[in-house]
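# build the 3D model from these lines:
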Amino acid sequence: MSDADTRALIEDLQRSNRLWKRLALGLLASLGLAILILATSAAVQVRRAHEAEVEARMQAEEARQREHEAREQLEKERKAVDEGPREGNRP
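Below you'll find the model as predicted:
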């Protein structure tokens, strides 16, 4: 093998080596970006789920409060109905 052939082979191998290094670096950067996007997406989903849970709890508490108020109002109305005829029947 001549000296020129050896140099050409070395240069070809060096070019190939640089190409593979760039490809590996590009793939590594792509993987890092994909992991970052997935982690961000997961964090957003967790935050939305937490907000939905808080909203559901607030709505449940409001519903319990409305039910409590309705029961109190019903009880007041029952007492008013029960007391009304008794007072009217007295001589």
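# avg pLDDT for the host helix or strand of Glu67?
Using DSSP states H and E, Glu67 sits in helix 3-89. Per-residue pLDDT over helix 3-89 has a mean of 94.
# which other helices and strands does that helix contact?
Of the remaining helices and strands, none touches helix 3-89 by 3 or more Cβ pairs under 8 Å, 6 or more residues apart in numbering; DSSP states H and E. Glycine gets a C-beta too; all of them are placed from N, C-alpha and C.
# any idea how far that helix is from the chain center?
0 Å (Cα atoms, centre = their mean, to the nearest Å).
# what's the neighbour count on Glu77?
For Glu77, the count of nearby residues is 10 (other Cβ atoms under 10 Å).
# list the contacts for it?
Applying Cβ atoms under 8 Å, 6 or more residues apart in numbering to Glu77 gives no contacts.
# now do it against Arg66, distance only.
The span separating Glu77 from Arg66 equals 16 Å under the rule Cβ to Cβ, to the nearest Å.
# what do you get for Ala80?
Going from Ala80 to Arg66 by Cβ to Cβ gives 21 Å.
# great, nothing more from me.
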